[in-house]
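1. From the sequence below, what's the structure:
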Amino acid sequence: MTMQQQPPKSRSEILAVLKGSRGAFISAMLFSSVVNILTLTGSIFMLQVYDRVLPSSSVPTLVALALIVLTVYAFYGLLDFVRTRIMVRIGRRVEERLRNRVFDAVAYLALRRVNVGGSLPLQDLVAIRQFLGGQGPLAFMDMPFVPLFLLVCFLLHWMLGVVALASLLIIFLLAVLTERATKTQLSLATIASNKANGITEEARRNAEALHSLGMKSMIRNNWATVQHEALDHQTYANDAGAKYGMLSKVFRMVVQSGMLAVGAYLAILHQISAGSIIASSIIMGRALAPVEQAVGSWQQFIGFRRSLDHLSKVLDLVPPTVERMKLPMPKGVLEVENLAVTLSGSERPILQGISFRVEPGQGLGIIGPTGAGKSTLARALVGILQPARGSVRLDGATSDQRDDDELGRLIGYLPQDIQIFDGTVAQNISRFSESPSSDKIVEAGKLANIHDFIMRLPQGYDTPLNEAGSRLSAGQRQRVALARALFGDPVLFVMDEPNSNLDSEGEIALDKAIRACMGRGAAVVVVAHRPSALAAMTNLLVLTNGQVAAMGSRDEIIRQVTSVQNPLAPQRIPPFVGQRPVAATNENPSGIPVLPPNKRN
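-> Numbering: from 1, shown residues only. Sure, this is the predicted structure:
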């Protein structure tokens, strides 16, 4: 089964995954309940020591109490360890459930030129996992038990309860003030930091131009300005947070001593026992602990909430997929019908009204002036760009009717911008297939005329190609990419300026590869300026201003082009040279212009 896109869900997928871990959350809450009850052990022990052991001077009682407390503390440590492990695994489960979805969304939006901060969604997923596996959620799980500790303080004496309650309210107020003082500055610091990271990555990708054109200092100054802005906002936030953090620490020490003072005063008045003085201080400390931990984790919680919101918005931009019936292996019939393509941020279509049909074993060359839309058409044919109107079909099926990887295996695409991935030569040629055929890899290498060069590399086909194939020349990278396009016997080949970096020997190999593909029944589309790449093509399509200016046999198109002063002007060349628009028939139900059959030499 393959996948098809459907409209985005109304609720966040992330929250749905979190709800799927409801049982684990409930288990962690149950363990937290026992853990918080067991934290009263120290207070009860102090009460018994001061009120029973010391007055009676009973060593056996002290030993018995100590053994009981030791056992309880061991059980407490075990339960706290277990609940921490549960939360770590909840965070891991969330990342494992969402990582493929987020990766696909990042790749999809990058393909559509939608700016979501590069790999920021993947960083958001890591931030969500780290928060869920940290101490923050445990602090919030402990919060519901704060009233229990306050109740114990009130049971000891109402004045002790009032002191503990007032302390909690003041600490919570300081936390709110901290969040209000740092929220805006931290948000601005994040925005500026992401922008600075973008400049750094752009400089890394274009390092050669940076150095060769003397642009390093200018780009560095631009980066430094943005980074300085990020540091300013971060410094303001840290200063504000430090101020309120200092107030919280001082207040915490004052409260601890104040609780002892109030307890001592009540003991002097014989309203509480001596053991209650220590017990009340310990209990109040336990009551304040979850609040203080929550305050300490507040910035992490803010980051978690920000990552959750951002990641949810990103996933809403990319509809989830559902299973679809697997389509049969296509023969390679390419149909383009009334195609119009509009790029993001542009109102005017780059392509408009493009229609043609290429049968298996046929080759179509696409020519035209710079800016005519040739590369845009090539990207639309392989599914990179989606039609604004019309359709591109492979054996009757549009690109969204097949899974992306399945469609990719049916297509051999050689773009202008050659992209080599970190991996071995064999992995790059085999498209990183899990268990590729060695014979198929070598066959593709030979057909691309790069086999001999590969064999001279230190490890042959197992030689690593790091840093986007920097150890290869431009022509060698193009041949590796050609071998990758040839691997797997695709039914459709789309090549965009495939000979731009090739020498004469490489062009001969390219022509041989194109003829071999056509010979075994694949449809081939070649976009080129240099005529040598079109030698195997018997049909040409002329693009001008995003529209078909002429289409027909190669010899007739070349004759028309060379016979006019401005050969690519659409008004000077009659449309569909060498053929007439056809009506729909049983053999051609769409009525799309069909290329004349190839003439074999």
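2. Could you use CA atoms for every contact and neighbour count after this?
-> OK.
3. helix/strand/coil for the residue nearest to Gly521 when sequence neighbours are not counted?
-> Closest residue to Gly521 apart from its sequence neighbours, by Cα to Cα, 6 or more residues apart in numbering: Gly361 at 4.0 Å. What DSSP: H, G, I helix; E, B strand; the rest coil gives for Gly361 is coil.
4. is it true that Gly361 touches Arg515?
-> No - here Gly361 does not reach Arg515: they are 9.1 Å apart, not a contact under Cα atoms under 8 Å.
5. Can you get me a residue count around the residue nearest to Gly521?
-> Counted with other Cα atoms under 10 Å, the neighbours of Gly361 add up to 22.
6. Likewise for Pro498?
-> The number of residues near Pro498, taken as other Cα under 10 Å, comes to 26.
7. if I pick it, what's in contact with it?
-> Pro498 makes contact with 414-416, 478, 482, 510, 526-528, 533 under the criterion Cα atoms under 8 Å, 6 or more residues apart in numbering.
8. Output these as JSON lines; include the columns neighbour count and secondary structure.
-> Conversion of those to JSON lines gives the following (neighbours: other Cα atoms under 10 Å; DSSP: H, G, I helix; E, B strand; the rest coil):
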{"residue": "Leu414", "neighbour count": "24", "secondary structure": "strand"}
{"residue": "Pro415", "neighbour count": "20", "secondary structure": "coil"}
{"residue": "Gln416", "neighbour count": "16", "secondary structure": "coil"}
{"residue": "Gln478", "neighbour count": "27", "secondary structure": "helix"}
{"residue": "Leu482", "neighbour count": "27", "secondary structure": "helix"}
{"residue": "Leu510", "neighbour count": "23", "secondary structure": "helix"}
{"residue": "Val526", "neighbour count": "25", "secondary structure": "strand"}
{"residue": "Val527", "neighbour count": "26", "secondary structure": "strand"}
{"residue": "Ala528", "neighbour count": "21", "secondary structure": "coil"}
{"residue": "Ala533", "neighbour count": "22", "secondary structure": "helix"}
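9. okay, those in JSON lines with distance to Arg559 and pLDDT next?
-> As requested, the contacts of Pro498 are exported to JSON lines (distance: Cα to Cα, whole Å; pLDDT from 0 to 100):
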{"residue": "Leu414", "distance to Arg559": "28", "pLDDT": "91"}
{"residue": "Pro415", "distance to Arg559": "28", "pLDDT": "89"}
{"residue": "Gln416", "distance to Arg559": "28", "pLDDT": "87"}
{"residue": "Gln478", "distance to Arg559": "31", "pLDDT": "88"}
{"residue": "Leu482", "distance to Arg559": "30", "pLDDT": "91"}
{"residue": "Leu510", "distance to Arg559": "25", "pLDDT": "88"}
{"residue": "Val526", "distance to Arg559": "19", "pLDDT": "93"}
{"residue": "Val527", "distance to Arg559": "19", "pLDDT": "92"}
{"residue": "Ala528", "distance to Arg559": "18", "pLDDT": "87"}
{"residue": "Ala533", "distance to Arg559": "18", "pLDDT": "81"}
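10. Distance-wise, check the residue lying closest to Pro330 once chain neighbours are set aside relative to Lys331.
-> In this structure, Pro330 finds its nearest non-sequential neighbour in Asp395, 5.7 Å apart by Cα to Cα, 6+ apart. Noted for Asp395: a distance of 7 Å to Lys331, by Cα to Cα, to the nearest Å.
11. Likewise for Ser375?
-> Taking Cα to Cα as the measure, Ser375 and Lys331 are separated by 24 Å.
12. cool, and Val35?
-> Look at Val35 and Lys331: by Cα to Cα, they are 66 Å apart.
13. Now do the strands in the protein.
-> 2-5, 321-324, 334-341, 351-358, 363-367, 389-394, 397-398, 411-414, 423-424, 464-465, 492-496, 523-527, 539-544, 547-553 (DSSP state E).
14. Redo the ones you listed as TSV? Include distance to Trp298.
-> Formatted as TSV, the strands of the chain follow (distance: least, Cα to Cα, whole Å):
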stretch	distance to Trp298
strand 2-5	37
strand 321-324	35
strand 334-341	47
strand 351-358	51
strand 363-367	59
strand 389-394	49
strand 397-398	49
strand 411-414	49
strand 423-424	42
strand 464-465	44
strand 492-496	52
strand 523-527	56
strand 539-544	59
strand 547-553	58
